[in-house]
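whatever this is, show me its structure:
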Amino acid sequence: MEGEVVSAIADVARAAGVSKATASRALSGRGYVSPDTRDRVVRAAADMGFVVSSNAASLVTGQSRNVGVVIPHLDRWFFTQVLEGIESALIAAGYDLTLYRLSADADQRRRVFDYFLVRKRVDAVIAVGIALTPNEVSMLVSLGKPIVGVGGEISGIATLSIDDVAASRVATEHVIAQGHRRIMHLGGENDEQADFRVLAHRLEGFRAALAEAGLGYVDDFRTTVFSIPGGFEAGLEVLADPATRPSAIVAGCDEIAIGVIVAARQLGIRIPEELSVVGIDDHELAAMFGLTTVRQEPVAQGALAVTIALDELAEPVGSDTPVPVLVPVELRLRASTAPPPASTIESGPI
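Residues are numbered from 1 along each chain as shown. Here you go, the predicted model:
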């Protein structure tokens, strides 16, 4: 098949009076070709019934115009949003996407990376929420494949992420500034820890804000599943007893926060008059629930990852050490937070 494509390109090149490389650029749209030359090549190809394919350019340039994306989850908001940004940016740039979902199985992970290396079917790799090992990084770099990480810092490659500690601090400092003292954090379960320990970092930011405000740590944290049902179940538990109920909940993500809001409504607890809730992410449902949250933009992160990868593909940086990019976050104030009732202020920290 490859021989047939090369032969066809050669025939088109001869008919148009140009080199095979020029014919390939003209037909693929990759690289500069003068308008007159492009028209001549296209007319020659049309006269010969030649249909351009992505293989034509790859045979000459050695590139597949395909980017591999490795990702651990396909059913969670952050990952699907990043993937949406990646896909849109690649389509706009004329690239295909090959998606690999990595499980916790070491053999499966090894096979995926060996496939990248042996088959050479991708020009670049974007890893979402996965901490690549030094060996995986060196293997891909040795083949000249740009690598970009999304979700945390990876030594030796370009990465972008939010500061999860800082994001949680911002959320917690907001309710502290409103006067809340009985504050609880609902975060993810330990066995759900991602490679970059996002859940632990958000708990760290929460507790750092409490410590700076001089607030206690007694019963300040509960684990739950990182989902709306998880937030609902945890909310029913921690809000059931008025004597121990917090006046504010800082959720590890918006999905947990939304579940808490639903639980509060079921228990007849008014938000924000009796309970303030703040999340992290600015999930697509956050505005509908009036949720105050720390906004990040995973779609934009995915698009930026593509820009970095394709820029590196066009002009390799060589031995320069990539500088990690911290994506800014923003507190979005809505209706789910307000100063606490006077009774909770008087009772002090829980």
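
mind listing what the residue positioned nearest the centre of the chain touches?
In the chain, the residue lying closest to the centroid (Cα atoms, centre = their mean) is V82, at 4.0 Å. Applying Cβ atoms under 8 Å, 6 or more residues apart in numbering, we find V82 in contact with I71, V128, G129, V150, G151, P298, V299, Q301, G302, A305. Any C-beta I mention is one placed from the backbone N, CA and C, and that applies to glycine too.

any idea how far the last one lies from R332?
What it means is A305. 23 Å (Cβ to Cβ, to the nearest Å).

of these two, who's got more company?
A305 (28 against 15; other Cβ atoms under 10 Å).

secondary structure class for the residue nearest to the centre of the chain?
With DSSP: H, G, I helix; E, B strand; the rest coil as the basis, V82 sits in helix.

show the pLDDT at it.
Note on V82: pLDDT of 97.

quick one: which of the contacts of V82 is nearest to S247?
P298 (30.5 Å; Cβ to Cβ).

what's the closest one sitting at in phi/psi?
phi -60, psi -30 (degrees, to the nearest 10).

who's in contact with the residue nearest to it when sequence neighbours are not counted?
Nearest residue to P298, sequence neighbours excluded (Cβ to Cβ, 6 or more residues apart in numbering): Q81, at 3.8 Å. When the contact criterion is Cβ under 8 Å, 6+ apart, the partners of Q81 are P298, V299, G302.

the second one: how many residues sit nearby?
The number of residues packed near V299 is 18, by other Cβ under 10 Å.

please, which helix or strand holds it?
Per DSSP states H and E, V299 falls inside helix 298-314.

determine how far that helix lies from the middle of the whole chain.
Centroid separation between helix 298-314 and its chain, computed with Cα atoms, centre = their mean, to the nearest Å, is 11 Å.

related to what we said a few turns ago, can you tell me which of the contacts of V82 is nearest A21?
Looking across those and measuring by Cβ to Cβ, the closest to A21 is A305, at 29.8 Å.

same for the helix holding V299, what does it pack against?
helix 77-93, strand 124-128, strand 147-150, strand 158-161 (3 or more Cβ pairs under 8 Å, 6 or more residues apart in numbering; DSSP states H and E).

would you mind writing the CA trace of it as CSV?
These are the backbone C-alpha positions of helix 298-314, laid out as CSV (Å, rounded to 0.1, in the frame of the first residue of the first chain):
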residue,chain,number,x,y,z
PRO,A,298,-10.0,22.1,31.7
VAL,A,299,-11.2,22.7,28.1
ALA,A,300,-8.7,25.5,27.8
GLN,A,301,-6.0,23.3,29.5
GLY,A,302,-6.6,20.6,26.8
ALA,A,303,-6.3,23.2,24.0
LEU,A,304,-3.1,24.7,25.5
ALA,A,305,-1.6,21.2,25.8
VAL,A,306,-2.1,20.8,22.0
THR,A,307,-0.5,24.1,21.3
ILE,A,308,2.5,23.3,23.3
ALA,A,309,2.9,19.8,21.7
LEU,A,310,2.5,21.1,18.1
ASP,A,311,4.9,24.0,18.8
GLU,A,312,7.5,21.6,20.0
LEU,A,313,6.9,19.4,17.0
ALA,A,314,7.5,22.3,14.7
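
average pLDDT for it, rounded please.
For helix 298-314, the per-residue pLDDT averages 93.

quick one, it and strand 124-128 angle?
150 degrees (axes from the mean of the first three to the mean of the last three Cα atoms, to 10 degrees).

burial of the spatially closest residue to A89 that is not a sequence neighbour, as a residue count?
Closest residue in space to A89, ignoring its immediate chain neighbours: V306 at 3.7 Å, by Cβ to Cβ, 6+ apart. When neighbours are counted by other Cβ under 10 Å, V306 registers 25.

check contacts around V306.
Contacts of V306 by Cβ under 8 Å, 6+ apart are V67, G85, I86, A89, L90, A93, Y95, I126.

count the neighbours of A177 for me.
11.

G17 now?
12.

could you double-check that E312 lies in contact with K145?
No. The pair E312 / K145 is not scored as a contact, 9.3 Å apart, by Cβ atoms under 8 Å.

intersection of neighbour lists for these two?
A124.

just to revisit the earlier point, quick one: closest of the helices and strands packed on helix 298-314 to P341.
Of all the helices and strands packed on helix 298-314, helix 77-93 comes closest under Cβ to Cβ, at 32.2 Å.

please save the CA atoms from that closest one in PDB.
Extracted C-alpha coordinates of helix 77-93, given in PDB (Å, rounded to 0.1, in the frame of the first residue of the first chain):
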ATOM      1  CA  TRP A  77     -15.900  15.600  34.400                       C
ATOM      2  CA  PHE A  78     -12.400  17.000  34.500                       C
ATOM      3  CA  PHE A  79     -11.000  14.300  32.100                       C
ATOM      4  CA  THR A  80     -13.800  14.600  29.600                       C
ATOM      5  CA  GLN A  81     -13.500  18.400  29.600                       C
ATOM      6  CA  VAL A  82      -9.700  18.200  29.000                       C
ATOM      7  CA  LEU A  83     -10.300  15.700  26.200                       C
ATOM      8  CA  GLU A  84     -12.900  18.000  24.600                       C
ATOM      9  CA  GLY A  85     -10.300  20.800  24.500                       C
ATOM     10  CA  ILE A  86      -7.600  18.500  23.000                       C
ATOM     11  CA  GLU A  87      -9.900  17.100  20.400                       C
ATOM     12  CA  SER A  88     -11.200  20.500  19.200                       C
ATOM     13  CA  ALA A  89      -7.700  21.900  19.000                       C
ATOM     14  CA  LEU A  90      -6.300  18.900  17.100                       C
ATOM     15  CA  ILE A  91      -9.200  19.000  14.600                       C
ATOM     16  CA  ALA A  92      -8.600  22.700  14.000                       C
ATOM     17  CA  ALA A  93      -4.900  22.000  13.400                       C
END
